[in-house]
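In: Fold the following.
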Amino acid sequence: MTDQPLWFTEEFDAGGSAFSVKIRERLHNEQTEYQHIEIYATEKFGNLMVIDGCYMLTARENFIYHEMMSHPALFMHPSPENVVIIGGGDCGTLREVLKHGRVTHALQVEIDERVTRLAEEFFPELCVSNHDPRAGFLFGDGIAWMKEAAPGSEDIVIVDSTDPVGPAVGLFTEAFYRDCHNVLGEHGILVQQSESPIYNMDIINSMHKEMRAAGFADVQTLFFPQPCYPSGWWSATMAGKYSLEGRFRAADAADKSFATRYYNAAIHTAALTPPEFFKQALE
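Out: Just a heads-up that it's a prediction; the model follows:
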């Protein structure tokens with residue numbers, strides 16, 4: 001036995017950086033049909049889920065990501081009733097969506113059921129709404145689901161996916177965004193995680209172009225910290241079927257009936273304010 005501390009490190013070669021957390025033990029190790037999933041107990045960050053060697057979430061700070069993937073879009077739609085989440089197998093985004101009383105149905109379409117089952121075991125706090133009667137689960141291909149879904153049937157589409165590699169590549173294309181546009185109703189909003197604005201402006205630029213090419217009238221990127229992801233600074237990009245300007249229900253956000261740990265009305269406004277370098281880098 002070694003007396004040296006054990007660390008889990010994700011290296012991001014393209015950015016010349018890495019992030020490490022001190023771990024106590026590996027709790028689970030599994031190769032599914034789609035990916036390699038590991039669960040670690042850490043000293044300071046609670047349980048950690050790793051997929052294909054990359055941080056997915058920690059118990060300590062996942063709330064930032066899940067809140068920012070859900071509440072900004074939901075508070076910009078006049079009456080969000082039907083929501084579909086593509087990916088999101090850890091169920092944290094689903095939990096946040098179902099905090100909104102106006103939502104009548106939220107469907108989670110996750111390709112790998114094992115992500116959800118492991119979340120239920122090792123991150124039960126994320127799965128507290130899994131038995132809400134408004135929640136639905138479909139374990140299958142989100143791209144195929146979007147192609148077949150009824151036109152105008154959803155108010156919000158949330159793409160809570162991994163990076164654009166492997167099965168997730170098809171979620172970052174004009175063809176997929178066209179299907180999302182078709183599925184969304186008149187006031188519909190698409191929101192998708194869009195990587196680090198420090199390291200991945202090429203991806204964000206491409207998303208803006210492809211979303212507009214797919215027919216979306218307005219595209220905006222919002223920014224938030226995420227300590228365990230490359231650079232520690234993350235983003236999500238929203239696309240609206242018409243202009244997103246002036247659509248924020250600020251009074252409702254300020255008077256929300258549920259608790260959050262990061263999101264509030266002021267954070268919402270600040271997150272949508274682009275830094276100077278971003279405005280210059282966005283083609």
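In: is Gln31 in a bridge, and if so with what?
Out: His36 (DSSP bridges).
In: And for Leu138?
Out: So, taking DSSP bridges as the rule, Leu138 has Val109 as bridge partners.
In: Please determine how far it is located from Asn62.
Out: Distance of Leu138 to Asn62, given as CB to CB, to the nearest Å: 23 Å. Where you see a C-beta, it was placed from the backbone N, CA and C, and this is true even at glycine.
In: Ok, Val21 next?
Out: Distance from Val21 to Asn62, by CB to CB: 13 Å.
In: do the same with Thr173
Out: Taking CB to CB, one finds Thr173 at 27 Å from Asn62.
In: More neighbours: which of the two?
Out: Using other CB atoms under 10 Å, the more surrounded residue of Thr173 and Asn62 is Asn62, with 23 against 16.
In: Going along the chain, name the helices of this structure.
Out: 62-74, 92-97, 113-122, 142-148, 174-183, 201-213, 250-254, 265-271, 276-281 (DSSP state H).
In: Against which helices or strands is the helix or strand bottoming out on mean pLDDT in the chain packed?
Out: When the helices and strands of the chain are scored by mean pLDDT, DSSP states H and E, helix 276-281 comes last with a mean of 93. Applying 3 or more CB pairs under 8 Å, 6 or more residues apart in numbering; DSSP states H and E, one finds that helix 276-281 contacts helix 201-213.
In: So which other helices or strands are in contact with the helix it packs on?
Out: So helix 201-213, by 3+ CB pairs under 8 Å, 6+ apart, packs with helix 174-183, strand 218-225, strand 233-240, helix 276-281.
In: what sits up against that helix?
Out: Helix 201-213 is contacted from outside by 164, 172-174, 177, 190, 192, 194-195, 197, 219, 221, 235, 237, 239, 278, 281-283, using CB atoms under 8 Å, 6 or more residues apart in numbering.
In: Setting aside sequence neighbours, what's the nearest residue to Glu195?
Out: Counting by CB to CB, 6 or more residues apart in numbering, Ile203 is the residue found nearest to Glu195 once chain neighbours are left out, at 4.9 Å.
In: same thing with Leu6?
Out: Ile23 (5.1 Å).
In: Now do Val159 against Gln193, distance only.
Out: Taking CB to CB, one finds Val159 at 7 Å from Gln193.
In: ugh, wrong one, I meant Arg212
Out: 18 Å.
In: Ok, Glu11 next?
Out: 21 Å.
In: out of those two, which sits in the busier spot?
Out: Gln193 (26 against 13).
In: tell me, how many neighbours does Arg134 end up with?
Out: Residues near Arg134, counting by other CB under 10 Å: 18.
In: so the residue lying closest to it once chain neighbours are set aside bridges to which residues?
Out: Nearest residue to Arg134 in three dimensions, chain neighbours excluded: His105, at 5.5 Å (CB to CB, 6+ apart). As for beta bridges, His105 partners with Asn82 under DSSP bridges.
In: His105 - how many residues pack around it?
Out: Neighbour tally, His105, other CB under 10 Å: 16.
In: From Leu98, how far out is it?
Out: Distance from His105 to Leu98, by CB to CB: 10 Å.
In: again with Phe12
Out: Distance from Phe12 to Leu98, by CB to CB: 33 Å.
In: out of those two, which sits in the more crowded spot?
Out: The residue with more neighbours, out of Phe12 and Leu98, is Leu98; 22 against 15, by other CB under 10 Å.
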